[in-house]
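Undergrad: What follows is a predicted structure for the sequence shown.
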Amino acid sequence: MSPKNRLLVSVALVCAWLLIVVGVCGWVVWVDLSPDEREALVPIISPRGALLGAMLVMAMAVSAIVLRDLHRRYVAVPARLAEDGRTLLKAEPTRRLTADGNAETCAFVDIINTLADQRQSLQDDVEIRVADARRSVEEEKNRLGALMSELTQSVVVCNLDGRILLYNNRARLQFRAMSDAPGAAGGGELIGLGRSIYAVMDRHLIAHALENIQHRLRKSVAQPVTNFVTTTRAGQLLRVQMAPVLGVAPAEGAARPVSGFILMLDNITRTIENEARRDEILHTLTEGNRASLANVRAAAEMLDFPDLDDELRTRFRGVIRDEVKAMSDRLDHSASAFADSLKARWQLEDMLGADLVAAAQRRIESRLSLRTKIEDVDEALWVKVDSFSLLQAVTYLASRLSDEFEIRELRFRLAPAGRLVHLDLIWSGQAMSTETVMNWELEPMRFAGENSPLTVRDVIERHDGEMWLEREKVKHRAFFRLVLPSAAPQEEVTSEVYLKGDSRPEYYDFDLFSWSESSHEHDDQLLSELAYTVFDTETTGLNPSQGDEIIQIGATRILNGKLLQGDGFEQLVDPKRSLPPESTKIHGITPEMLVGQPDIVKVLPALHAFASDTVLVAHNAAFDMRFLQLKEEVTGLKFDHPVLDTLLLSAIIHPNQDSHRLEAIAERFGVTVIGRHTAMGDAIVTAEVFLKMIPLLAEKGVRTLGEAREAAQKTYYARLKY
Amino acid sequence: MTQSKKILIADDEPNIVISLEFLMKREGFQVSVAGDGEEAIAKIRSESPDLVLLDVMMPKKSGFDVCQEVKGDPALSATRILMLTAKGRDTEMAKGLALGADAYMTKPFSTKDLVDQVKQLLGSDA
């Protein structure tokens, strides 16, 4: 009830009360009177009835006036103060209450105003501190950014789930070189915030390296880092250094748990050729001179024998002269050749033996379609190898075995032998001559589209290794044994300058580090926490089942409630059919623009990789999904991601609106439409609209992905099928 | 030492053969020479020497091939083989020994050590 109504009611009540009191008094007196007294009283009172009534009305008016004053002082003023106070509390911290009413109220107002002053100054103080902190974080961020972009090494930071939290431009360039997707994604399907590093690197390799680091941390080794070399799917050779990112210790003095890792990557594929040359020179210098030295030494020692006749003596002297001259020539030649390749250095890398075997299996199976099997691989062995050329050599040998002896299966065995490692390639089948087989190692490696000037022998020599053929007669098997150097356990210096975790500056407080727990069961995940790929397609027409095709795909990503600018996917697609001129009017794409573009079979794998581990969002998603699904058979790729449709979501939020076209929704949400009817433009508008929808959906009780899907299914539009 | 022992020197470099031949003759062995791998195999079959000084790097057939062939043939497997090589690496040594060589010397070697090694190999056979 409003204060004004309360006043009216109060006045009415008081008036009623006065009437009742006067009425009751009159009645009691009347009842008490004897009949004679009544008769005497009536003539006295009745002419003065009006006077009595007027007095009664006046008493009522006086009461009303008193009541109004009381009301003003004790109800209206506090009520107004309460309203002002609420504004002060909620909206305008600078507002102050004006003293009014009686002395007690005024004192109370004073106290409230003082409290408000105190609150204001506290708030100002906090704001200043927040601004300071933000500025210094920003500064550190910029410093880190500058440092990262200056680095010649690629740096990628991941959480324990392998999600990328940070990467530098160099890393992006490197991943672009590795990407086998058509220009579209430009490596973006491999690297990007929140993407999985396992798209590029073997999960087990990372797990192994992490285990190594954990082990080192437990032993308090000076630098808990680990190095390894790995090959990417595209056959590139990467040298990787991994360092841990430590989290906050659970208790004072307790060990800090590993919460992520930093990868520093070097693509060492290109340096191989230079290094090979240098190796060759060193080789001729050392090995080449041994024979000559042996000849000289033997001849010189023969000269010591007293029973030597003159003719022999002359011949021994001749030998010495010849050989010394040959050695001098060799030295001169090497010295001049060595000068150009001084900078190039051949370097073997530590690699997990099992990883090498796995890489060899993958390569052989994909290149030669020859079955491979592991006979016995010592998982703990590390080898020192140049995995690129070694894998080439192993694949080459397998291809010769397969072509010339039609072997059906190649088995691998990896076993330790002192400081060496034996890698055996085993096969069974018809007997072959040692000579034929061993000749293979002297021929340049040409097979399955690869053409290397190196021979297997070169590769083996690079490794300072050996290779021979052995037979297991009992089992009717033979094997090539490749002897390779094993990698010594990486030296673990316990230095005095052991860097305690604290000395490493902390630049960021990455939200993604805490992602892991919540990222698994998508359906129960909050819409605001998911990663999305928002996409749109332009097509030749509206009937995918009647031969209409995609001609353009645009996609963008949403991560942690933010649209990732610059992490987009835009690609024109050759539809392999004619383009109806009517459609050009809609999307503005002409047939000439599609000449030389990749076809859908090339583009979809890149889109699939770009969208991996995310929820797909599109406007009228059923339409776009239909196009993608019709290609499943050709590409072998299933777009089985969870899908959300902004059209259906709009129908949930605004069930009474007539139109749920993208433009109409964008207008309702105040999203500026730019570049409508290009795939990328529409994808961005859809993404922005979608971001605005998330809080509104939450108001309707739709918070998780599962709830959104359910609600969408219930809406009328869900019945529309393409 | 038995004086009638026969030694085959298999090496394609005359500059080392001349010293080895002189040295072995001086020690009282019967010496014959082969200039490549195939000739070495042929001479091992025809002359059945007690010991072969076998160079690894030879034309036609390498010392490894010769060694493997000799040790794989029961009729010849008694022939002692001392491999000589200009590749001073233990991987190669492992290969030589795996293929059945009795001893292995890396160039350059001392002729005195060579004579000792030869005598030891032949002595243990006697």
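TA: Cool, the structure landed.
Undergrad: going forward, measure contacts and count neighbours with C-alpha atoms only.
TA: Will do.
Undergrad: Kindly list the longest helix within the chain.
TA: Just so you know, I chose chain A. When chain A is parsed with DSSP state H, its longest helix is helix A:103-150.
Undergrad: wrong one, chain B
TA: Secondary structure of chain B per DSSP H: the longest helix is helix B:111-125.
Undergrad: So which residues make contact with it?
TA: A:298, A:301, B:1, B:23-24, B:50-51, B:80, B:82, B:102, B:105 (CA atoms under 8 Å, 6 or more residues apart in numbering or on different chains).
Undergrad: if you set the cut-off to 10 Å instead, what comes out?
TA: If you take CA atoms under 10 Å, 6 or more residues apart in numbering or on different chains as the criterion, helix B:111-125 is touched by A:294, A:297-302, B:1-2, B:5-7, B:19-20, B:23-24, B:27, B:50-53, B:78-82, B:84, B:102-105, B:110, B:126.
Undergrad: So which of the residues you listed belong to helices?
TA: Of the contacts of helix B:111-125, the ones assigned to helices by DSSP H are A:294, A:297-302, B:19-20, B:23-24.
Undergrad: Packing partners of the host helix or strand of residue A:58?
TA: Using DSSP states H and E, residue A:58 sits within helix A:49-71. The contact analysis (3 or more CA pairs under 10 Å, 6 or more residues apart in numbering or on different chains; DSSP states H and E) places helix A:49-71 against helix A:3-32.
Undergrad: tell me which residues in the helix or strand just after the longest helix of chain A are buried?
TA: Going down the chain from helix A:103-150, the next helix or strand is strand A:154-159, by DSSP H and E. Neighbour-count burial for strand A:154-159 flags A:154-159 (criterion: 16 or more other CA atoms under 10 Å in any protein chain shown).
Undergrad: Show me what the helix or strand just after strand A:154-159 is packed against.
TA: As assigned by DSSP H and E, the chain's next helix or strand after strand A:154-159 is strand A:164-167. Packing contacts for strand A:164-167, counted by 3+ CA pairs under 10 Å, 6+ apart, involve helix A:103-150, strand A:154-159, strand A:258-267.
Undergrad: Can you find the residue of chain B that comes nearest to chain A?
TA: residue B:108 (3.7 Å; CA to the nearest CA).
Undergrad: How many residues are close by that residue?
TA: 21 (other CA atoms under 10 Å in any protein chain shown).
Undergrad: Can you tell me how far the closest residue to it other than its chain neighbours is from residue A:285?
TA: Spatial nearest neighbour of residue B:108, chain neighbours left out: residue A:294 (3.7 Å); criterion: CA to CA, 6 or more residues apart in numbering or on different chains. Applying CA to CA, to the nearest Å, the value for residue A:294 to residue A:285 is 14 Å.
Undergrad: try residue A:597
TA: Taking CA to CA, one finds residue A:597 at 53 Å from residue A:285.
Undergrad: Please apply the same query to residue A:105.
TA: Distance of residue A:105 to residue A:285, computed by CA to CA: 104 Å.
Undergrad: quick revisit: in the longest helix of chain B, what's buried?
TA: Residues of helix B:111-125 classed as buried by neighbour count (16+ other CA under 10 Å): B:111, B:114, B:117-118, B:121-122.
Undergrad: ditto for stretch A:316-328
TA: Quick answer for stretch A:316-328 (16+ other CA under 10 Å): A:316, A:319-320, A:323-324, A:327.
Undergrad: Contact residues of chain B facing chain A?
TA: Counting by CA under 10 Å from any CA of the partner chain, chain B comes close to chain A at B:13-20, B:22-23, B:26, B:61-62, B:64-65, B:68-69, B:84-96, B:98-99, B:106-112.
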